[in-house]
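Novice: can't give you the sequence, but here's the structure:
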């Protein structure tokens, strides 16, 4: 077989693997089939066609070094999380009651998200969508895009029919994000970092875009204070990578201050 034929065969195999990954990811329905989802992570086109079949192998094969938080940083994060959860407890109880009275379904929304090295974790927030949104609007959950669609892709849109009546003001006020501090307490998220990505979008990450996954996702971050819901897919990833490349203590403090301002004035929240 000549060189061109070998390259063509390899590219075809890569396409088949990515296509299979997308189908497997899209078939995940949150019913506890974590093993299948973890295997899919390793086949999502992230590792240049390497034969990855488990979550552990995916983490070991990740093309960039993973930055682990220092002990001092974790102590700060734990302190902030405990303060936020303690002070915010009465407000969270109020939000929980509002959600129960507004629509049927659980109070919390728990979803698999991608952390450093493509490790999966349970992302938690208050539920703002109808519990049967996936069944009522299946087209929103196909996650199959061509290049042109990715250029114009926005995950948050105004007048989203999946969002409940009370869910709208919860999102605008950012109160739906309060349970994120539990993820900060457990160390699954950082206070500042890239936006937490869903596994379904991993097949679309190539090259330097993967730098986003060298650090833990954050409760807030550069993308969150630079447009939030108004940002497209590529704009968000670019800002996430920019944060990873520029990250420092002073940069984090600046982002936290901009976050407070953004929450007060509801910039990009809908």
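Specialist: That came in fine, so what should we check first? This is a predicted model, so every value here is computed, not measured.
Novice: mind listing what residue 149 touches?
Specialist: Applying Cβ atoms under 8 Å, 6 or more residues apart in numbering, we find residue 149 in contact with no residue. All C-beta spots, glycine's among them, are computed from the backbone N, C-alpha and C.
Novice: next one: residue 109
Specialist: With the criterion set at Cβ under 8 Å, 6+ apart, residue 109 makes contact with 124-129.
Novice: Model confidence at it, what's the number?
Specialist: Residue 109 is assigned a predicted lDDT (pLDDT) of 96.
Novice: tell me the helices in the stretch 51-200 of the chain, going along the chain?
Specialist: Using DSSP state H, counting those that start in this stretch, the helices of the stretch 51-200 of the chain run over 55-60, 71-102, 133-136, 147-151, 165-173, 180-186.
Novice: Residue 203: which of those helices is closest?
Specialist: Ranking the helices of the stretch 51-200 of the chain by proximity to residue 203 (Cβ to Cβ) places helix 147-151 first, at 10.8 Å.
Novice: quick one on the thing from earlier: could you dump the contacts of residue 109 into JSON lines and include pLDDT and distance to residue 142?
Specialist: Supplementary listing: these in JSON lines, determined by pLDDT from 0 to 100; distance: Cβ to Cβ, whole Å:
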{"residue": "124", "pLDDT": "96", "distance to residue 142": "25"}
{"residue": "125", "pLDDT": "97", "distance to residue 142": "23"}
{"residue": "126", "pLDDT": "97", "distance to residue 142": "26"}
{"residue": "127", "pLDDT": "97", "distance to residue 142": "22"}
{"residue": "128", "pLDDT": "96", "distance to residue 142": "21"}
{"residue": "129", "pLDDT": "96", "distance to residue 142": "17"}
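Novice: how about a markdown table for these, with neighbour count and distance to residue 85 added?
Specialist: Shown next, in a markdown table, are the contacts of residue 109 (neighbours: other Cβ atoms under 10 Å; distance: Cβ to Cβ, whole Å):
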| residue | neighbour count | distance to residue 85 |
| --- | --- | --- |
| 124 | 20 | 12 |
| 125 | 19 | 14 |
| 126 | 23 | 14 |
| 127 | 23 | 18 |
| 128 | 22 | 20 |
| 129 | 20 | 23 |
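Novice: Point out the most buried one among the helices of the stretch 51-200 of the chain.
Specialist: A comparison of the helices of the stretch 51-200 of the chain by mean neighbour count, using mean count of other Cβ atoms under 10 Å, puts helix 180-186 on top with a mean of 20.
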